[in-house]
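# Give me a model of this one.
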Amino acid sequence: MFKFIHAADIHLDSPLRGLSRHESAPVEAIRGACRKAFENLVDRAIEEKVSFVLLAGDIYDGDWKDYSTGIFLSHQVGRLGKHNIKVFAVAGNHDAANRMTKALDSPANMQILSSRRAETVKLDDLELAIHGRSFGTQHIHDNLASGFPDAEKGLFNIGLLHTSLDGREGHAPYAPCSVDDLCVKGYHYWALGHVHQQEFVLRDPWIVFPGCIQGRHSRETGAKGCVLVTVEDGSISEVETVPLDVVRWANCRIGLHDMADMPAIMACIRSAIADELASAEGRIVAMRIRLEGASHLADRLSAYPEQLEQQIKALGAELAGDDVWIERVENAVTGKLDMATALADDGVLKDLLGTILAIPDHPDEIEGLQDIITELRQKLPSEVLELETPLDMNNGQVTGRLINEAKHMLIGRLLTVGGIQ
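Prediction:
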């Protein structure tokens, strides 16, 4: 019997985009999260007395700014070496883009498999064969799996590959292949990387994306970690999901249907935040809150978005202090009867509301908007408009959201008297 850990997409020292602009952001905790998650992986490997660790690509996140990233990895892998735990890895697209990785030798107990052709490593004491191939360049569009050898007879066979498989949303189509391409090789377990969401593609044979070990932004929500595999008598007896993350990202959707008043709404939001904190099991939570549903209070909520956001952030601080960060509050609550009543009456208010409602939601349909955006780019610091920020003007969905939020805010202010109470 032996055990091994399969992990991927470590992205050590991944850069933080725009977090310094958020006063309440736990910048230091998030900056060190990928390192701490990797330390958790090493701790678990030692605790479980695994025979080896598999890393299926993207250990790094592009070029290092200095050597400290590589030195950190060497230290952690060295800890495994002291317990006779070997590490077998393949380079992914981010590793191949790193020019400095060649400047430091791999630790003695770590082997990065060849990028020239599929390489096989045999561990006779475990009756095991590991087959893998690294990325030689950042952009690989060939089917690398097709060049893997057939399974070694009489051995437990593992395939180690960084791939998009047959395509996954949000991930570049690198080293594409089909499930059949993998199954035909006759391996017992395929240890894949590249896709950041954990996925058990198949269980006979096992084809597994473990996901990244630490979420880095609001699209990487929920528990992140690795898988622990137990092999007995030449077959897999258990595959266990192991959470490793130290900061957990959450998209919290809160329905405010038919809430009676603002205290009821704030009580609902408080309960939702508390539930997310409980599910994170003591981790720091980075949370994006989206308010949804139809409510007669929609206009009041839309009228003063900054005040609403600060009220919600105050709730988070009350519940968990520095252990929760409300990254953004999105208000998608729609109105009910109040809007219909206002539009039914003749007058200036009806005309103003009609003009606002007639504004298209798609940016390309608003005459002159692109000129305004161009002028805005020239006036604002470049980092405010970069990717992964609330003002990413290269993203049509972001621009559409901003238009919709502005319409809601204007309508809310026209229909609300006295602000949020």
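# Please count neighbours and contacts with C-alpha atoms only from this point.
Will do.
# Which parts of the stretch 201-350 of the chain are strands?
Assigned by DSSP state E, counting those that start in this stretch, the stretch 201-350 of the chain shows strands spanning 206-209, 225-232, 235-243, 247-255, 284-292, 324-331.
# TSV please, covering the ones you listed and showing distance to G396, mean neighbour count and mean pLDDT.
What follows is the strands of the stretch 201-350 of the chain, written out as TSV (distance: least, C-alpha to C-alpha, whole Å; neighbours: other C-alpha atoms under 10 Å; pLDDT from 0 to 100):
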stretch	distance to G396	mean neighbour count	mean pLDDT
strand 206-209	30	22	98
strand 225-232	32	20	98
strand 235-243	34	15	97
strand 247-255	20	22	94
strand 284-292	19	21	94
strand 324-331	17	21	92
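# And those strands: which comes nearest D150?
For the strands of the stretch 201-350 of the chain, the distance to D150 is smallest for strand 206-209, at 16.0 Å, taking C-alpha to C-alpha.
# partner strands of that closest one, parallel or antiparallel?
If you go by DSSP bridges, strand 206-209 pairs up with strand 189-193 (parallel), strand 199-203 (antiparallel).
# what's the closest of those to G412?
Taking C-alpha to C-alpha, strand 199-203 is the member of the strands paired with strand 206-209 nearest to G412, at 42.6 Å.
# can you give me the angle that closest one makes with strand 235-243?
Angle, strand 199-203 to strand 235-243, by axes from the mean of the first three to the mean of the last three C-alpha atoms, to 10 degrees: 170 degrees.
# for the record, mean pLDDT for strand 199-203?
For strand 199-203, mean pLDDT rounds to 96.
# List the contacts of that strand.
206-211 (C-alpha atoms under 8 Å, 6 or more residues apart in numbering).
# Any chance of TSV for these, columns distance to I403?
As requested, the contacts of strand 199-203 are arranged in TSV below (distance: C-alpha to C-alpha, whole Å):
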residue	distance to I403
W206	46
I207	43
V208	41
F209	37
P210	38
G211	34
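# Out of the residues you listed, which is nearest to D124?
Taking C-alpha to C-alpha as the measure, D124 lies nearest W206 of those, at 22.0 Å.
# Stretch 28-38: end-to-end distance?
16 Å (C-alpha to C-alpha, to the nearest Å).
# In that stretch, which residues are buried?
Using 16 or more other C-alpha atoms under 10 Å as the test for burial, stretch 28-38 gives 30-31, 33-38.
# In strands, which of those residues appear?
Of the buried residues of stretch 28-38, none are assigned to strands by DSSP state E.
# any chance of those in CSV, plus distance to T120 and pLDDT?
Supplementary listing: the buried residues of stretch 28-38 in CSV, determined by distance: C-alpha to C-alpha, whole Å; pLDDT from 0 to 100:
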residue, distance to T120, pLDDT
I30, 37, 81
R31, 36, 80
A33, 33, 90
C34, 29, 91
R35, 29, 93
K36, 31, 95
A37, 29, 96
F38, 26, 97
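# Which of those residues fall in helices?
30-31, 33-38 (DSSP state H).
# okay, and for this structure, where does confidence drop off?
Where the chain drops to pLDDT under 70, the residues are 15-24, 62-66, 93-104, 170-171, 336-341, 344, 382-394, 415-421.
# Which secondary structure elements does the biggest helix by length in it sit against?
Secondary structure of the chain per DSSP H: the longest helix is helix 396-415. Where contact means 3 or more C-alpha pairs under 8 Å, 6 or more residues apart in numbering; DSSP states H and E, helix 396-415 is packed against helix 298-303, helix 348-357.
# Point out the most buried one among the ones you listed.
helix 298-303 (a mean of 27; mean count of other C-alpha atoms under 10 Å).
# Which of the strands paired with strand 206-209 sits closest to I373?
Nearest of those (C-alpha to C-alpha): strand 189-193, 38.3 Å.
# in the closest one, what's buried?
189-193.
# so can I have JSON lines of the strands of the stretch 201-350 of the chain showing distance to H11?
Shown next, in JSON lines, are the strands of the stretch 201-350 of the chain (distance: least, C-alpha to C-alpha, whole Å):
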{"stretch": "strand 206-209", "distance to H11": "15"}
{"stretch": "strand 225-232", "distance to H11": "13"}
{"stretch": "strand 235-243", "distance to H11": "16"}
{"stretch": "strand 247-255", "distance to H11": "15"}
{"stretch": "strand 284-292", "distance to H11": "19"}
{"stretch": "strand 324-331", "distance to H11": "22"}
